[in-house]
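Visitor: below are the sequence and a predicted model; questions follow.
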Number of protein chains: 2
Amino acid sequence: MRADARRNVEGIRRAALDVFRAGGLTTPLDEVARAAGVSKGTIYHRFGSRTGLIDAVVEELVAERIAGIIEAVDALDGPLLRFEEYLLRTWLLQFDEPAANDVLMRVLPDSEPLTTLFDRACHFGGRLLHEAQAAGVVRADITPDDLAYLILERGVIVRACDQQTRDDYRRRLDFVLRGLRAVRK
Amino acid sequence: MRADARRNVEGIRRAALDVFRAGGLTTPLDEVARAAGVSKGTIYHRFGSRTGLIDAVVEELVAERIAGIIEAVDALDGPLLRFEEYLLRTWLLQFDEPAANDVLMRVLPDSEPLTTLFDRACHFGGRLLHEAQAAGVVRADITPDDLAYLILERGVIVRACDQQTRDDYRRRLDFVLRGLRAVRK
DNA sequence: TAACTTCTTGACTATGCAGTCAAGTAACGT
DNA sequence: ACGTTACTTGACTGCATAGTCAAGAAGTTA
């Protein structure tokens, strides 16, 4: 690979990290090209497709955030707290990081790296749900699908309602969490 | 107005009712034109703009549905039941009728007829919220804005997640309603 | 430095929708 | 039946984005 090509690949990667971080994985490639100081054609040349580029950066972009949540929540005590903190932190991540939101919304269902990240979060959430239900602290009729849906929903909302403040968003999450708890006898 | 023009206006109105009923107010005008058997230009000629056409049909398309909810809910007893039935029926209306959903989502914020319909629903909901909070049966920290948001959210979700079954959608609404109730002492 | 190969470019196609307008068509009045 | 005027048409512009490719630029090697 020629020197200029190597330079460009790196530049594009870095630009993609910046641009996708700010605007999510659906940002037009022209913006990445502009940020990298190359033409769109070069990106296609080097990464094959839009998805190719995303695959090449999404891990670095998002993995740490999801791992951070899993780690932090794993350190907490109590099945209800753990379950609710998992959801809360995930929902806030969706608000804060468009790219993470895109992963959690399965914007590119065919991308392996994206699927891996998504599954990691889902699997962990499923475990917490199971434990919380076993302890009788969240409603028994919530399914793992419902859980995925609760996250997908929030993603859709975050995307569409980008004028709401983080505080309002955060406050309203409490309503949702409350609805998932088991009814006190 | 010439006879053919009058005929066309009526044809377009009727086509718009059909098409918007099925696909919501954001359906491309070409589809309305095709359904009416005229060209797109004729629609613009007769109704001035996309919004003009929508204004001309939205009342007939949606008013009855919203009035129906208000009437039915008004006949119920108990502040909690009334509040929850209002939300539930509104949310189901959003699922069943894309056009009603567009109204409730304020897809065209500048259209008077749309605003009128929206305000009617909002005002009624606000009253129910107030009564329910006065009776201590729903959380006191829910604002009228939150209520509008709960409806907007659902609208966004319905639009984006069109593959979910009505039954699943319905079942999940219970989670949300549950989260709005006052905490039992 | 010249030949050779790799690489980059940006104009191009394609898609989908909003909205416009010159030119053609058809209803109406006399 | 013919002129006038209202009306309709559909091709056109404009916009935004994905993806392609022939031609020109530039790194590499001898």
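Guide: It's in.
Visitor: ok, A:Gly78 - contacts?
Guide: A:Gly78 makes contact with no residue under the criterion CB atoms under 8 Å, 6 or more residues apart in numbering or on different chains. In this view, the C-beta of every residue, glycine as well, is placed from N, C-alpha and C.
Visitor: likewise A:Phe47?
Guide: Contacts of A:Phe47 (CB under 8 Å, 6+ apart): A:Ile12, A:Leu53, A:Ala56.
Visitor: got the residues of chain A near DNA strand C?
Guide: A:1-2, A:4-5, A:7-8, A:37-42, A:45-46 (CB under 7 Å from any atom of the strand).
Visitor: and the residues you listed, which are buried?
Guide: Neighbour counting with 16 or more other CB atoms under 10 Å in any protein chain shown marks A:Asn8, A:Val38, A:Thr42, A:Arg46 as buried within the residues of chain A next to DNA strand C.
Visitor: closest one of those residues to chain B?
Guide: Chain B lies nearest to A:Arg46 out of those, by CB to the nearest CB, at 32.4 Å.
Visitor: can you report how many residues lie near A:Ala15?
Guide: By other CB atoms under 10 Å in any protein chain shown, the residues close to A:Ala15 number 21.
Visitor: so it, which of the three states?
Guide: helix (DSSP: H, G, I helix; E, B strand; the rest coil).
Visitor: I'd say it and A:Asp30 touch.
Guide: No: judged on CB atoms under 8 Å, A:Ala15 makes no contact with A:Asp30 at a distance of 11.4 Å.
Visitor: separation between the residue nearest the centre of chain A and A:Gly155?
Guide: Central residue of chain A (CA atoms, centre = their mean): A:Ala100, 2.6 Å from the mean position. Separation of A:Ala100 from A:Gly155 (CB to CB, to the nearest Å) stands at 9 Å.
Visitor: and A:Asp55, what does it touch?
Guide: Contacts of A:Asp55 by CB under 8 Å, 6+ apart are A:Ser111, A:Glu112, A:Pro113, A:Leu114.
Visitor: also A:Leu17?
Guide: Taking CB under 8 Å, 6+ apart as the test, what A:Leu17 contacts is A:Val57, A:Glu60, A:Leu61.
Visitor: can you count the residues close to the second one?
Guide: This points to A:Glu60. Residues near A:Glu60, counting by other CB under 10 Å, number 12.
Visitor: per-residue confidence for the closest residue to it other than its chain neighbours?
Guide: Among residues not flanking A:Glu60 along the chain, A:Leu17 sits closest, at 6.6 Å (CB to CB, 6 or more residues apart in numbering or on different chains). Note on A:Leu17: pLDDT of 98.
Visitor: you'd agree A:Cys161 is up against B:Arg154?
Guide: No: assessed by CB under 8 Å, A:Cys161 is found out of contact with B:Arg154, at 11.8 Å.
Visitor: who's more crowded, those two?
Guide: B:Arg154 (25 against 14).
Visitor: which SSE is that one in?
Guide: Using DSSP states H and E, B:Arg154 maps to helix B:144-160.
Visitor: output the contacting helices and strands for that helix.
Guide: In terms of contacts (3 or more CB pairs under 8 Å, 6 or more residues apart in numbering or on different chains; DSSP states H and E), helix B:144-160 is packed against helix A:144-160, helix A:166-180, helix B:79-96, helix B:98-104, helix B:112-134, helix B:166-180.
Visitor: contact residues of chain A facing chain B?
Guide: Applying CB under 8 Å from any CB of the partner chain, we find that chain A lies next to chain B at A:139, A:141-142, A:146, A:149, A:152-153, A:156-157, A:160-161, A:164, A:168, A:171-172, A:174-180, A:183-184.
Visitor: could you flag which of those residues are buried?
Guide: Using 16+ other CB under 10 Å, the buried ones in these are A:139, A:142, A:146, A:149, A:152-153, A:156-157, A:160, A:164, A:172, A:175-180.
Visitor: my guess is A:Leu117 contacts A:Glu64. True?
Guide: No: here A:Leu117 lies out of contact with A:Glu64, judged by CB under 8 Å, at a distance of 10.5 Å.
Visitor: now the common contact residues for these two.
Guide: Joint contacts of A:Leu117 and A:Glu64 (CB under 8 Å, 6+ apart) do not exist.
Visitor: the two: who's more crowded?
Guide: Each of A:Leu117 and A:Glu64 has its neighbours counted (other CB under 10 Å); A:Leu117 has more, 22 against 11.
Visitor: and the more buried one, how far from A:Phe175?
Guide: 28 Å.
Visitor: then A:Asp102?
Guide: 25 Å.
Visitor: just the angle between the helix ranked longest in chain A and helix A:112-134, please?
Guide: Longest helix in chain A by number of residues (criterion: DSSP state H): helix A:50-74. Counting by axes from the mean of the first three to the mean of the last three CA atoms, to 10 degrees, helix A:50-74 lies at 30 degrees to helix A:112-134.
Visitor: what about helix A:50-74 and DNA strand D, any contact?
Guide: Yes: applying CB under 7 Å from any atom of the strand, one finds helix A:50-74 touching DNA strand D at A:Arg50.
Visitor: and that helix, what's its mean pLDDT?
Guide: 97.
Visitor: what's the domain layout of chain A?
Guide: For chain A, automatic domain parsing gives the domain ranges A:1-48, A:58-180.
Visitor: residue ranges in chain A under the pLDDT threshold?
Guide: A:185 (pLDDT under 70).
Visitor: switch the cut-off to 80
Guide: Applying pLDDT under 80 to chain A picks out residues A:184-185.
Visitor: tell me which residue in it sits closest to chain B.
Guide: A:Gly179 (2.6 Å).
Visitor: please list all residues in contact with the residue lying closest to A:Val137 once chain neighbours are set aside.
Guide: Spatial nearest neighbour of A:Val137, chain neighbours left out: A:Leu80 (4.0 Å); criterion: CB to CB, 6+ apart. A:Leu80 is in contact with A:Ala132, A:Ala135, A:Val137, A:Val138, A:Arg181, counting by CB under 8 Å, 6+ apart.
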